[in-house]
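Visitor: please work out how this folds:
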Amino acid sequence: MAYIESKYQRYDVLKINIDYYFILIITFILSIVGIVMVASSSIAVGETYFNDPYWFIRRQIVWWVISFIVFILFSKVNYRFYSKISIFIILITIGLLALVLIPGFSSVIGGGRRAIDLLFFSIQSSEIAKLALVIFISDTLEKRYREKQTFKNIFWPSFVVLLVVTLLIFLEPDFGNAVVIWVTVFLLFFIGNVRLKHIMGLGAAGISILAAYMFMDPNRVERIQGFINGIINGTSDAGGINFQVNQSLIALGSGNIFGLGLGNSIQKYSYLPEANTDFIFAIMGEEFGMVGTISIVVLFVLFAFFGIRVCLKTEDYFGRTVAGAITSMIIIQTVMNIGIVTKLLPVTGFTLPFISYGGSSLIVCMASAGILLNISRHNLTVSKKVNVGEEMVEQ
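Guide: Take a look at the predicted model:
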């Protein structure tokens, strides 16, 4: 009688998927475009306020180097580590948000106290809060809500912490980042399979809070009224509340299809306020035309596409919610920024991710992209090859 004894030799072949490479390349390109555009758009404001046309770009290059190091580090650290320290992360974030409100520790930006002053730079706590909330709420949903889907388990501590962070951001005030946070969190709830009735209940409360806060400030009400008048009645209000967005449209229109060329923008010379931050997309349109702006939009669409792919391919609950929320956070802010610049949304302070001037925003975006890369690395396709050696044994 004869039988076959099979000897198996198994080994794993790790293949980095295409999502990883595309996210890496897109992030790098967008951040480099940011350096170029900050260099071009900040010349006039640097000369005006600091008597130095290169004041902003020197600082942005330093921030880019730091953020790129952060990007690499976050892409290497196992994303599950953040689940272990999520409470510590959110407590530190709440402390930083509270510190902003204490005179002497913060500086005034855009009419509010939004940044903590350190020796040679400042930190905008509300930017950090976006990523911190994504990590904390993803962790609490996994540990408390996933197994027992009761309203109590989502209200505490997820929604309560969201309210605390929102209140501190409102006190700065920073309405723009508060909106990004709320929209991101509720998309996170959908990704995390939170019951629809719970999402609707918390959503109704959130909309009420945001609406009440929005109409408490006469300046915000005036902006909304100006936006509505500009859209419905077609009134330009060239010297009034719509001045900034009208100058933005002039910049975009002046660029036509191919633009005026790098550095040749006219609107950045004191015509368009915040040309190197909130309205940098308009300067991009003026200098590179429709071709340039569409190219940037395509890059963000690709970032969204591959970020969603990472989310859908991640079996781990925490990784899936973090990946989806990070992608949502970056794309929501992008859509809102471009919507404001093109007069599709009322004017509110939104930077363009990876591109606008600002260290805190750039570091948080790069850290977020790094985490997304790490989640993608843990979705590597593992194929097991089997070498079979057959040996005939006689009995």
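
Visitor: what are the ranges of the strands in the stretch 1-150 of the chain?
Guide: Along the stretch 1-150 of the chain, the segments classed as strands by DSSP state E, counting those that start in this stretch run 2-15, 106-109, 112-117, 122-124.

Visitor: ok, and the closest non-adjacent residue to the residue nearest to the spatial centre of the chain?
Guide: Nearest residue to the geometric centre of the chain (CA atoms, centre = their mean): Ile330, 2.9 Å. Spatial nearest neighbour of Ile330, excluding adjacent residues (CB to CB, 6 or more residues apart in numbering): Pro353 at 4.9 Å. Yep, even glycine has a C-beta here, placed from its N, CA and C like the rest.

Visitor: ok, Leu24 next?
Guide: Leu373 (6.2 Å).

Visitor: mean pLDDT lowest for which of the strands of the stretch 1-150 of the chain?
Guide: If you rank the strands of the stretch 1-150 of the chain by mean pLDDT, strand 2-15 sits at the bottom with a mean of 40.

Visitor: quick one, helices of the stretch 1-150 of the chain?
Guide: Ranges of helices in the stretch 1-150 of the chain, per DSSP state H, counting those that start in this stretch, are 18-41, 43-50, 55-76, 80-84, 86-100, 125-140.

Visitor: out of the ones you listed, which gets nearest to Ile154?
Guide: helix 125-140 (8.4 Å; CB to CB).

Visitor: coming back round to it: save the helices of the stretch 1-150 of the chain as JSON lines, and put in mean neighbour count and distance to Ala325 too.
Guide: Listed next are the helices of the stretch 1-150 of the chain as JSON lines, based on neighbours: other CB atoms under 10 Å; distance: least, CB to CB, whole Å:
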{"stretch": "helix 18-41", "mean neighbour count": "20", "distance to Ala325": "15"}
{"stretch": "helix 43-50", "mean neighbour count": "16", "distance to Ala325": "34"}
{"stretch": "helix 55-76", "mean neighbour count": "18", "distance to Ala325": "15"}
{"stretch": "helix 80-84", "mean neighbour count": "15", "distance to Ala325": "12"}
{"stretch": "helix 86-100", "mean neighbour count": "17", "distance to Ala325": "13"}
{"stretch": "helix 125-140", "mean neighbour count": "25", "distance to Ala325": "4"}
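
Visitor: among these, which is nearest Gly359?
Guide: That would be helix 55-76 among the helices of the stretch 1-150 of the chain, by CB to CB, at 3.8 Å.

Visitor: tell me the gap between the longest helix that the chain contains and the middle of its chain.
Guide: When the chain is parsed with DSSP state H, its longest helix is helix 280-313. Distance of helix 280-313 from the chain centroid (CA atoms, centre = their mean, to the nearest Å) equals 13 Å.

Visitor: cool, stretch 63-75 as well?
Guide: The answer for stretch 63-75 is 15 Å, by CA atoms, centre = their mean.

Visitor: got it, and stretch 183-195?
Guide: 16 Å.

Visitor: identify the residues contacting the residue nearest to Leu24.
Guide: 20, 23-24, 74-75 (CB atoms under 8 Å, 6 or more residues apart in numbering).

Visitor: from the residues you listed, which two are the most distant?
Guide: Maximum distance among those (CB to CB): 13.7 Å, for Tyr20 and Phe74.

Visitor: skipping adjacent residues, who's closest to Phe22 in space?
Guide: Phe306 (4.6 Å).

Visitor: quick one: the one you found and Leu24 touch, right?
Guide: No. Contact criterion CB atoms under 8 Å: Phe306 and Leu24 do not qualify, at 9.8 Å.

Visitor: circling back: where among the helices of the stretch 1-150 of the chain is the average confidence lowest?
Guide: helix 43-50 (a mean of 91).

Visitor: show me what that one is packed up against.
Guide: Contacts defined by 3 or more CB pairs under 8 Å, 6 or more residues apart in numbering; DSSP states H and E place helix 43-50 against helix 55-76.

Visitor: who does the helix it packs on touch, helix- and strand-wise?
Guide: Using 3+ CB pairs under 8 Å, 6+ apart, helix 55-76 sits against helix 18-41, helix 43-50, helix 359-377.

Visitor: the residue nearest to Phe22: neighbouring residues, count only.
Guide: Neighbour count of Phe306, defined by other CB atoms under 10 Å: 23.

Visitor: please list all residues in contact with it.
Guide: So Phe306 contacts 18-19, 22-23, 26 (CB under 8 Å, 6+ apart).

Visitor: surely Ala178 and Ile169 touch.
Guide: Yes. Contact criterion CB under 8 Å: Ala178 and Ile169 qualify, at 4.9 Å.

Visitor: please enumerate the shared neighbours of these two.
Guide: With CB under 8 Å, 6+ apart as the test, Ala178 and Ile169 both reach Ser126.

Visitor: sorry, back to before: mean confidence for whichever helix or strand comes after the longest helix of the chain?
Guide: Next along the chain after helix 280-313, taking DSSP states H and E as the criterion, comes helix 317-341. Here helix 317-341 scores 96 as its mean pLDDT.

Visitor: which neighbouring elements make contact with helix 317-341?
Guide: Using 3+ CB pairs under 8 Å, 6+ apart: helix 317-341 touches helix 80-84, helix 125-140, helix 175-191, helix 243-255, helix 280-313, helix 359-377.

Visitor: relative to helix 175-191, how tilted is the last one?
Guide: Read it as helix 359-377. 10 degrees (axes from the mean of the first three to the mean of the last three CA atoms, to 10 degrees).

Visitor: now do the fifth one
Guide: Using the same axes, to 10 degrees, the direction of helix 280-313 lies 20 degrees away from that of helix 175-191.

Visitor: in helix 280-313, what counts as buried?
Guide: For helix 280-313, the neighbour count (16 or more other CB atoms under 10 Å) marks 280-289, 292-293, 296, 299-300, 303-304, 306-311, 313 as buried.

Visitor: next, His378: phi, psi?
Guide: Dihedral pair for His378: phi -80, psi 0, per degrees, to the nearest 10.

Visitor: alright, calling it a day.
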